[in-house]
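Enquirer: task: produce atomic coordinates for the following.
(one chain, ligands or ions: 1)
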Amino acid sequence: MAELRKTPIEGLIEIFPRIFPDNRGYFFESYREDWLKSLGIEENWVQDNQSFSQKGTVRGLHFQRTPHAQAKLVRVISGKVLDVAVDLRKDSPTFGKHFSTILDDQNFNLFYVPKGFAHGFAVIEDAIFAYKCSNFYNKESEGGILWNDPMLGIDWGVSSPIISEKDKYWPTLEEFKNQTGGL
Ligand SMILES: Cc1cn([C@H]2C[C@H](O)[C@@H](COP(=O)(O)OP(=O)(O)O[C@H]3O[C@H](C)C(=O)[C@H](O)[C@H]3O)O2)c(=O)[nH]c1=O
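Expert: Okay, here's the model as predicted:
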């Protein structure tokens, strides 16, 4: 069985699978339905995504608005990233707070990000990133928070990242809160 770790932000879960190295290489279970179920969390995963990003990339901070909001179960197949989730849940006591964790191809740890969070990552070593989503992609419902908003206080470990045009112009946390109140 994997080791499941709660985080200081309610709902965010880290999962460390048991890895079996041998003279051929390694084996590990990369997904089990009973991991989250053991914590009373039930998700209907409907879409798998995969992206490759070179070192120095930042992707995020993104979310999809209701009714297209997505929970995500993210991991690294190869490489190393700093993965970040920002709590945007309306009335959450940790609204605007973030939790970050290293995902890599040594621990093969996974990170569960429920609906209501913005998600992104910075690439420490070229990375193949793979994740499950609990709702289909819906471009029209996509939103974001500016990755380097000083109010977030995220130490990404990169100062001038490789980033998409779209990710340069998301609102700050304050602007998002004033516009929407939260997710
Ligand atoms: C997310 C997504 C994108 N696309 C298409 C749309 C674009 O033509 C192209 C690249 O999309 P984008 O630049 O939004 O990709 P990312 O910047 O990696 O977006 C993701 O970044 C952060 C880390 C997230 O958590 C989200 O899953 C997602 O927003 O793939 C699809 O066809 N389906 C999809 O589910």
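Enquirer: biggest helix in the protein by residues?
Expert: helix 173-180 (DSSP state H).
Enquirer: what's the residue closest to the geometric middle of this structure?
Expert: Nearest residue to the geometric centre of the chain (CA atoms, centre = their mean): residue 119, 4.3 Å.
Enquirer: quick one: contacts for that residue?
Expert: Going by CB atoms under 8 Å, 6 or more residues apart in numbering, residue 119 touches 60-63, 72, 74, 83-86, 113. Where you see a C-beta, it was placed from the backbone N, CA and C, and this is true even at glycine.
Enquirer: near the ligand, which of those residues show up?
Expert: Subset of the contacts of residue 119 in contact with the ligand: 60, 62, counting by CB under 6 Å from any ligand atom.
Enquirer: quick revisit: hey, C-alpha coordinates of the longest helix of the chain in CSV?
Expert: The C-alpha coordinates for helix 173-180 follow below in CSV (Å, rounded to 0.1, in the frame of the first residue of the first chain):
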residue,chain,number,x,y,z
LEU,A,173,-5.2,36.9,-6.3
GLU,A,174,-6.6,40.3,-5.1
GLU,A,175,-8.2,41.0,-8.5
PHE,A,176,-9.6,37.4,-8.7
LYS,A,177,-11.1,37.8,-5.2
ASN,A,178,-12.6,41.1,-5.9
GLN,A,179,-14.1,39.8,-9.2
THR,A,180,-15.4,36.5,-8.0
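Enquirer: tell me the residues of this protein that contact the ligand?
Expert: Within the chain, the positions adjacent to the ligand are 49, 51, 59-60, 62, 119-121, 137, 164 by CB under 6 Å from any ligand atom.
Enquirer: give me the buried subset of these.
Expert: 59-60, 62, 119-121 (16 or more other CB atoms under 10 Å).
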